[in-house]
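Peer 1: quick one, fold the following:
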Amino acid sequence: MSDVKTVEERWAVWDRWGPYGLLAVGALTAAAAVEAFGMTTGRRDVAAGLVVAALVHELSWTRRSRTRSGPSTASAFHYGLRWAIAFVLTWLNPLFAFYAVIGYFDADRLLPQRLRKAGLFATAVTVAGSQSGGLPPRGGMGWGLFGAVLAVHIVLLVVLTHLNELEEARNRAQAETIAELERTNKALQLALDENAALHAQLLVQAREAGVADERRRLAAEIHDTLAQGLTGIIAQLQVALNTSDEAVAGVHVDRAMALARHSLGEARRSVHNLAPVDLDGHGLPEAMKKTVDEWGERTTVRAEFTVTGVIEQLHDEVSATLLRIAQEALSNVARHARASRVGVTLSFMGAEVTLDIRDDGRGFDPLVVPTRSRTSGFGLDGMRARAERIAGSFTVESEPGHGTAISARVPLVRDDR
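Peer 2: Below is the predicted model:
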């Protein structure tokens, strides 16, 4: 861009001072060759007057052109009057053609498209007359030489005009391409901004939905484990209180104690899964490894955790979502799979993060989803809902007797803090 500006500045300097410089060169060389071209006193006086007129005209145009840009009627008149003065001066002395040459440079800037070729031809006539020995040509040889030189000028003008048109077309195409790229960049930036806003909105919605999910999950846990356990304890104790047989009462008390221990264990597990405390002060890989190791120790199932790709610091909601899915999946394995081995893989793949959990358990038919998972909002449906809330996806592959593989794929949203 700076190079283009420098070229434009140099052309502006030429447009302002070039006519004066060429007029001075023409006047000085013509004055030095007065005798060579046989200029009489009268012709010298006319030439001097025209030089002064040209100077006054250029000064007047310089002042007027400061508030004008592009071809206009005034600029075309300026070009024509300058050509007329240069033509007469060249007629008086061929060396004044130095001044006429400026017409080649100003035609595009001063003349509208319909007059451009005529202006260039008029300038070519003046310069060719000078180069062929002066105007008017003398004799057949003079006219022949003038015609040949003029033909060369016309050929050069045609070629240069064609090249100039090609250059202008290329510049227009380049300008249109740049404009299109700018529009595309603006649209892309707008799309990126909208995408970032959408991600932020999805994460907020996921956080709010996660709170509701945790309430429903805790309610389901209380109903399915603690409430049923307490009901059983009460029933056993009532039987023990209503019997006079101490042996029978002891049996029911033992059963109540066993139910109480089991319910306490379920309560501790529910509290442990209530909030992803493992994320406090840790990244997702460390928290997930801790979760997998503790689950393996608790269930005595061989559990392995693997991380692939370049680890990124994820947004809290993304980390919490994947950790929740892992916890729920491992909980399902412990409850239903009867597996001897579980593999958990966390993969960072550019714009996505994938969580894969595979077990060698008894498997199931994915088309037959257990009723409990549908009514409680958790299980497979719950994991799928968690992934989809942050614009992710969730898939299940399983077959009775051949284990289960689940995969959660979510966008990689970095932590901007």
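Peer 1: would you map the strands across this structure?
Peer 2: For the chain, the strands defined by DSSP state E cover 302-308, 341-349, 352-359, 393-398, 404-411.
Peer 1: these into JSON lines, with extra columns for mean neighbour count?
Peer 2: For every residue, glycine as well, the C-beta is placed using N, CA and C. Shown next, in JSON lines, are these (neighbours: other C-beta atoms under 10 Å):
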{"stretch": "strand 302-308", "mean neighbour count": "16"}
{"stretch": "strand 341-349", "mean neighbour count": "18"}
{"stretch": "strand 352-359", "mean neighbour count": "22"}
{"stretch": "strand 393-398", "mean neighbour count": "16"}
{"stretch": "strand 404-411", "mean neighbour count": "21"}
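Peer 1: I'd like the ones you listed laid out as TSV, including distance to W83 and mean pLDDT.
Peer 2: Converted to TSV, those look like this (distance: least, C-beta to C-beta, whole Å; pLDDT from 0 to 100):
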stretch	distance to W83	mean pLDDT
strand 302-308	78	95
strand 341-349	71	96
strand 352-359	70	96
strand 393-398	75	94
strand 404-411	69	95
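Peer 1: closest one to A31 among those strands?
Peer 2: Using C-beta to C-beta as the measure, strand 404-411 is the one of those that comes nearest A31, at 81.5 Å.
Peer 1: just the helices from the protein, written as ranges.
Peer 2: For the chain, the helices defined by DSSP state H cover 2-32, 41-65, 73-92, 97-100, 102-110, 113-131, 139-221, 228-242, 246-274, 284-299, 316-332, 371-376, 379-389.
Peer 1: before we move on, the earlier item: of all the strands of the chain, which one is nearest R114?
Peer 2: Smallest distance to R114 across those (C-beta to C-beta): 59.5 Å, for strand 404-411.
Peer 1: which other residues reach the closest one?
Peer 2: 199, 318, 321-322, 325, 329, 333, 337, 351-359, 361, 363-364, 380, 383, 386-387, 390-398 (C-beta atoms under 8 Å, 6 or more residues apart in numbering).
Peer 1: give me the angle between that strand and helix 379-389.
Peer 2: Counting by axes from the mean of the first three to the mean of the last three C-alpha atoms, to 10 degrees, strand 404-411 points 20 degrees away from the direction of helix 379-389.
Peer 1: specify the angle between strand 404-411 and strand 341-349 in degrees.
Peer 2: 20 degrees.
Peer 1: can I get strand 404-411 in PDB? Just the C-alpha atoms.
Peer 2: Output in PDB follows, covering the C-alpha atoms of strand 404-411 (Å, rounded to 0.1, in the frame of the first residue of the first chain):
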ATOM      1  CA  THR A 404     -20.400 -51.300  25.100                       C
ATOM      2  CA  ALA A 405     -18.700 -48.300  23.600                       C
ATOM      3  CA  ILE A 406     -19.900 -44.700  24.000                       C
ATOM      4  CA  SER A 407     -18.400 -41.600  22.400                       C
ATOM      5  CA  ALA A 408     -19.100 -37.900  23.300                       C
ATOM      6  CA  ARG A 409     -17.800 -35.300  20.800                       C
ATOM      7  CA  VAL A 410     -18.000 -31.600  21.800                       C
ATOM      8  CA  PRO A 411     -16.400 -28.400  20.400                       C
END
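Peer 1: can you list the helices of the chain in a markdown table and add distance to S407, mean pLDDT and mean neighbour count?
Peer 2: Output for the helices of the chain, formatted as a markdown table (distance: least, C-beta to C-beta, whole Å; pLDDT from 0 to 100; neighbours: other C-beta atoms under 10 Å):
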| stretch | distance to S407 | mean pLDDT | mean neighbour count |
| --- | --- | --- | --- |
| helix 2-32 | 53 | 81 | 14 |
| helix 41-65 | 72 | 88 | 14 |
| helix 73-92 | 72 | 91 | 19 |
| helix 97-100 | 81 | 90 | 26 |
| helix 102-110 | 66 | 86 | 20 |
| helix 113-131 | 66 | 89 | 19 |
| helix 139-221 | 19 | 80 | 13 |
| helix 228-242 | 33 | 76 | 15 |
| helix 246-274 | 21 | 73 | 15 |
| helix 284-299 | 15 | 90 | 18 |
| helix 316-332 | 10 | 88 | 22 |
| helix 371-376 | 18 | 43 | 13 |
| helix 379-389 | 9 | 86 | 20 |
